[in-house]
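Peer 1: My questions are about this predicted structure, shown below with the sequence.
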Amino acid sequence: MSEHHHDHDHDHSELSDTELRVRALETILTEKGYIDPAALDAMIQAYETKIGPHNGALVVAKAWTDPAFKEALLADGSAAVGTLGHVSRTGDHLVVVENTPERHNMVVCTLCSCYPWEMLGLPPVWYKAAPYRSRAVKDPRGVLADFGFTIPKDTEIRVWDSTAETRFLVLPMRPAGTEGWSEEQLAELVTRDSMIGTGLVTAPGAPS
């Protein structure tokens, strides 16, 4: 089942003026030897996978340990994360959807790459790529298989289509064996992909 409520007034099929300028600047600085492309790529990778998703991971961990916060988060994501000091861009609304044994949620933006930057940092390259944007809606189980895991046949998969105004964050299931863990310990387990719905959260030593 998919949600399609796009009201985009932007087209990301081509690079924006800013993106073109950034790429031109990067090329010039690389040619002059001021920056190392490999080092730059490593920094971007770190922001995408470690630094960027840290805010979202803390939100997920708090929801796992604080029932009142979880209830508030599912009722109004923007308001709930605001109580932790995270503020969305003007006009953006964060909707949090919970994974359960009966339903697995995943997020896509079929027309471009709308994404909760303040929670997850930079969008991964594959999230912005046409194959993911088209296949996530048509064949979500196949996409999840490509990411290395299989959802039970009796589990519903719901695909949420982000828009310029509404962004989605998946609240993954808390892994077994983490009873008594602190929020900080739990946050270390939460990955960016698990908050998009293309990954699962597992405890150390548990099968992935």
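Peer 2: That came through, no problem. Here the structure is a predicted model, which is why all the values come from computation and not from measurement.
Peer 1: How much space separates the residue of the chain most remote from its centre from residue 25?
Peer 2: Ranked by distance from the centre of the chain (Cα atoms, centre = their mean), the top residue is residue 32, with 35.5 Å. From residue 32 across to residue 25, the span is 11 Å (Cβ to Cβ, to the nearest Å). C-beta coordinates here come from the backbone N, C-alpha and C atoms, glycine included.
Peer 1: immediately after the lowest-mean-pLDDT helix or strand in the chain, which helix or strand?
Peer 2: Here the helix or strand of the chain ranked lowest by mean pLDDT, DSSP states H and E is strand 2-3, holding a mean of 47. Next along the chain after strand 2-3, taking DSSP states H and E as the criterion, comes helix 17-31.
Peer 1: buried set for that following helix?
Peer 2: Within helix 17-31, no residue qualifies as buried by neighbour count (16 or more other Cβ atoms under 10 Å).
Peer 1: what about dumping the CA coordinates of that helix to CSV?
Peer 2: The C-alpha coordinates for helix 17-31 follow below in CSV (Å, rounded to 0.1, in the frame of the first residue of the first chain):
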residue,chain,number,x,y,z
ASP,A,17,22.6,26.5,-9.9
THR,A,18,24.0,26.0,-6.4
GLU,A,19,24.9,22.4,-7.0
LEU,A,20,26.6,23.3,-10.3
ARG,A,21,28.6,26.0,-8.5
VAL,A,22,29.7,23.6,-5.8
ARG,A,23,30.8,21.1,-8.3
ALA,A,24,32.8,23.7,-10.2
LEU,A,25,34.4,25.0,-7.0
GLU,A,26,35.3,21.4,-6.0
THR,A,27,36.9,20.8,-9.4
ILE,A,28,39.0,24.0,-9.2
LEU,A,29,40.1,23.3,-5.7
THR,A,30,41.0,19.7,-6.6
GLU,A,31,43.0,20.8,-9.6
